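> quick one, structure for this:
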Amino acid sequence: MIKIYHNSRCKKSRAGLEYLKSLNKEFEVIDYLKNPLTTKEMAALIKKTGLAAGEMMRKQEEYYKENIKDSQLSNSELIAEIAANPKLMKRPLVETEEKAVWADPPENILRIL
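Numbering: from 1, shown residues only. Alright, predicted model coming up:
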């Protein structure tokens, strides 16, 4: 099952959702702000992207600027920060059983389908 980790207030996330709908695939929408992922779930999701946790963080967020920027946190510590502060996660993320991708631009979804 395809999953999209979505924030309805985000223009990029809405674009990713619309693109996924246009592909006529079944998928599940996860509102990760209302239903945050655990640290373990976040680690598994980020691992599927093939990227480091720092690459999956929204660096324009105030929390990032005040608490993480210029820190020397490990990858697992960054994952814990994202899990504790889900607004830090880049969005939308689209996940299949095997892989996940940051869907900005939305066409990135095709990389994992």
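> over to the most centrally placed residue in the chain: give its phi and psi.
When CA atoms, centre = their mean is applied to the chain, the residue found nearest the centroid is Leu93 (3.9 Å). Backbone geometry at Leu93, expressed as degrees, to the nearest 10, gives phi -110, psi 140.
> separation between it and Lys48?
The gap separating Leu93 from Lys48 is 9 Å, by CB to CB, to the nearest Å. No exception for glycine: its C-beta is placed from N, CA and C like everyone else's.
> related to what we said a few turns ago, which residue is the nearest non-sequential neighbour of the residue nearest to the centre of the chain?
Sequence neighbours aside, Tyr5 is the residue nearest to Leu93 in space, at 4.3 Å (criterion: CB to CB, 6 or more residues apart in numbering).
> per-residue pLDDT, Leu88?
Per-residue pLDDT puts Leu88 at 97.
> quick revisit: helix or strand for the residue nearest to Leu93, just tell me which one.
strand 2-6 (DSSP states H and E).
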